[in-house]
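> Please find the sequence and the predicted model below.
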Protein chains: 2
Amino acid sequence: MKSSADVQATAVIDDCTVRLVDPERVAAVNARMPSEQDVVDTSDVFGLLGDPRRLKLLVALLDGELCVCDLAAVTGMSESATSHALRLLRAHRVVSVRRDGRMAYYRLDDAHVRMLVDRAVAHTEHTDAIHPERSHPERSHSERSHAERRHPERN
Amino acid sequence: MKSSADVQATAVIDDCTVRLVDPERVAAVNARMPSEQDVVDTSDVFGLLGDPRRLKLLVALLDGELCVCDLAAVTGMSESATSHALRLLRAHRVVSVRRDGRMAYYRLDDAHVRMLVDRAVAHTEHTDAIHPERSHPERSHSERSHAERRHPERN
DNA sequence: TGCACATCTGCAGAACTCTTCATACGTCCA
DNA sequence: TGGACGTATGAAGAGTTCTGCAGATGTGCA
């Protein structure tokens, strides 16, 4: 894949190849565009949160560590699927494990991801509060966000 | 898929089906777990940001509207791929279009997503600043985040 | 030691995503 | 009006991701 520097060079040097309507703004945007690697890394993180099952796991871990079978129960996933998902999250250092005998306790171990998840939950509930008609009947939970009622972690 | 209410009921009524190590915490987590629909909606948004090309599009749009061909130039995507990606973002109301003749100018139209993208970019650059060894040679851009140098939108 | 248990992992199929190609649509201009 | 242009879209194929299954690993206990 092309780096942003390549694109910019192409645009400036050879206008025939790449049509540009506002070359100055394109150059400006390119100048502050993060490197390809940074964009990929960032989208990787968002991608981890882009799966409802994984997101549920992370929401469950907001308040402290849980073992695999409890996480499976909370998310409604099989223990195998849970383990697979946790492996992915572990590989990206989003969660970490503490082993105690044959049990494995996972915890959310990435401050940035914690913030993203926490804010997302808060935002969802806030949106519901503004637009109650969007709520769903099976909704069975809190009205306040995690961000609003911080309790100390159990770990 | 089971709703969280189902899971909780199963766990409480029938411990044989779902193994639980810490039923109280599981119940507590379930009680504040957002509804299935909210989790899916939230992960959808993260999923949109989970693709490097789309993320690049959104970063490019942080400072104001751009037409399709300029967006294609900035991201290095084909115009067709750009259009497809924009359609997806449009369907989720993350971007909106302004048509002017045969041109289509897109803009970032979701405050929550804007915040997520802006913070992600800032976080990436901050991380680079702390751990410069993680930077990559082809890095060719700003040292300051969008969040730090807000200029008015051009639209 | 032998068995139950909690978790992990490789694999294969199903499901989904993304890109490209070809083409269609609406606008502008000669 | 015809052709160039900017954009949009459908279909198809390649690639990726996710899940369940089966079996492996490592621990605890009798």
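Yes, it's here. Just so you know, these numbers come straight off a predicted model, no measurement behind them.

> three-state assignment of residue A:104?
Under DSSP: H, G, I helix; E, B strand; the rest coil, residue A:104 falls in the strand class.

> After the lowest-mean-pLDDT helix or strand in chain A, which helix or strand is next? Please name it.
Among the helical and strand segments of chain A, the one scoring lowest on mean pLDDT, DSSP states H and E is helix A:4-13, with a mean of 36. Counting by DSSP states H and E, the element after helix A:4-13 in chain order, helix or strand, is helix A:23-32.

> Next, the closest residue to DNA strand D within chain A: phi, psi?
For chain A, the residue closest to DNA strand D is residue A:101, as judged by CB to the nearest atom of the strand, at 2.8 Å. Quick note: C-beta positions are derived from backbone N, CA and C, even for glycine. Residue A:101 adopts backbone torsions of phi 60, psi -130, taken as degrees, to the nearest 10.

> same check, this time on residue A:99
Given degrees, to the nearest 10, the pair of backbone angles that residue A:99 has is phi -100, psi 140.

> Disregarding residues adjacent in the polypeptide, which is nearest to it?
Closest residue to residue A:99 apart from its sequence neighbours, by CB to CB, 6 or more residues apart in numbering or on different chains: residue A:105 at 7.6 Å.

> I'd like to know how many residues surround that neighbour.
Residue A:105 has 19 neighbours, counted by other CB atoms under 10 Å in any protein chain shown.

> Equivalent analysis for residue A:87, please.
Neighbours around residue A:87, by other CB under 10 Å: 12.

> For it, give me its contacts.
Neighbour list for residue A:87: empty [criterion: CB atoms under 8 Å, 6 or more residues apart in numbering or on different chains].

> Mind telling me what element it is part of?
Residue A:87 belongs to helix A:79-91, assigned by DSSP H and E.

> how distant is that helix from the center of its chain?
15 Å (CA atoms, centre = their mean, to the nearest Å).

> What residues sit buried inside that helix?
A:82, A:85-86, A:89-90 (16 or more other CB atoms under 10 Å in any protein chain shown).

> Return the member of those residues nearest to DNA strand C.
residue A:86 (5.5 Å).

> right, and the closest one touches residue A:71 too?
Yes - between residue A:86 and residue A:71 there is a contact at 7.3 Å, judged by CB atoms under 8 Å.

> Name the residues contacting each of those two.
A:57, A:106.

> Could you tell me the angle between the helix or strand that contains residue A:72 and helix A:79-91?
Assigned by DSSP H and E, residue A:72 belongs to helix A:68-75. Per axes from the mean of the first three to the mean of the last three CA atoms, to 10 degrees, the angle that helix A:68-75 makes with helix A:79-91 is 100 degrees.
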